[in-house]
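# need a structure here:
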Amino acid sequence: MKKIVLHNTSMIEKKEIEERSINLAHYIIESKDTVRGAARKFGISKSTVHKDVTERLEKINPMLAKEVREILDENKANICLTHSYLNNDVYCTAGGIPRDIPFRTEFIKNHKYTIYEKIIKVLQFFIINITI
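Presented below is the predicted three-dimensional model:
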């Protein structure tokens, strides 16, 4: 394993950070959870999770970091898609009528919106109506 250079940290703390990074990576890979979900599960901040599974993990275990990156990228893509559509109607978008892209159509029609995503939708609606 490669050493992570952290200033003002003991070797024990460095080892704990490495272990936490690996544990977070395995959790995200197994559960397909988001950075927010992993932060909640481990009781740490989202920025700590993000730093652990991107910067630190890349130095510890590049192959594991690549697996996690793929899941985080997929989660990010899902967020972009769900925040662009006002509901499960593929023609009801915040940015106009889309071209027919089978993946996007299928994803939007089958997506189950969380309470968090519904709140985002309401807030976006108010912001769009205030600025127009």
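
# Am I right that R104 is in a helix?
Yes - checked against DSSP: H, G, I helix; E, B strand; the rest coil, R104 lies within a helix.

# Tell me the predicted confidence for it.
Model confidence at R104, given as pLDDT, is 72.

# mind saving the C-alpha coords of the helix or strand of the chain with the lowest mean pLDDT as PDB?
One helix or strand of the chain scores below all others by mean pLDDT, DSSP states H and E: helix 115-131, with a mean of 71. C-alpha atoms of helix 115-131 as PDB (Å, rounded to 0.1, in the frame of the first residue of the first chain):
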ATOM      1  CA  ILE A 115     -38.700  13.000  -1.100                       C
ATOM      2  CA  TYR A 116     -35.400  14.900  -1.600                       C
ATOM      3  CA  GLU A 117     -35.900  14.900  -5.300                       C
ATOM      4  CA  LYS A 118     -39.500  16.100  -5.000                       C
ATOM      5  CA  ILE A 119     -38.400  19.000  -2.700                       C
ATOM      6  CA  ILE A 120     -35.700  19.900  -5.300                       C
ATOM      7  CA  LYS A 121     -38.400  20.000  -8.000                       C
ATOM      8  CA  VAL A 122     -40.600  22.300  -6.000                       C
ATOM      9  CA  LEU A 123     -37.700  24.700  -5.300                       C
ATOM     10  CA  GLN A 124     -36.700  24.700  -8.900                       C
ATOM     11  CA  PHE A 125     -40.300  25.500  -9.900                       C
ATOM     12  CA  PHE A 126     -40.300  28.500  -7.700                       C
ATOM     13  CA  ILE A 127     -36.900  29.700  -8.800                       C
ATOM     14  CA  ILE A 128     -37.900  29.300 -12.500                       C
ATOM     15  CA  ASN A 129     -41.100  31.200 -11.900                       C
ATOM     16  CA  ILE A 130     -39.500  34.000  -9.900                       C
ATOM     17  CA  THR A 131     -36.700  34.600 -12.500                       C
END
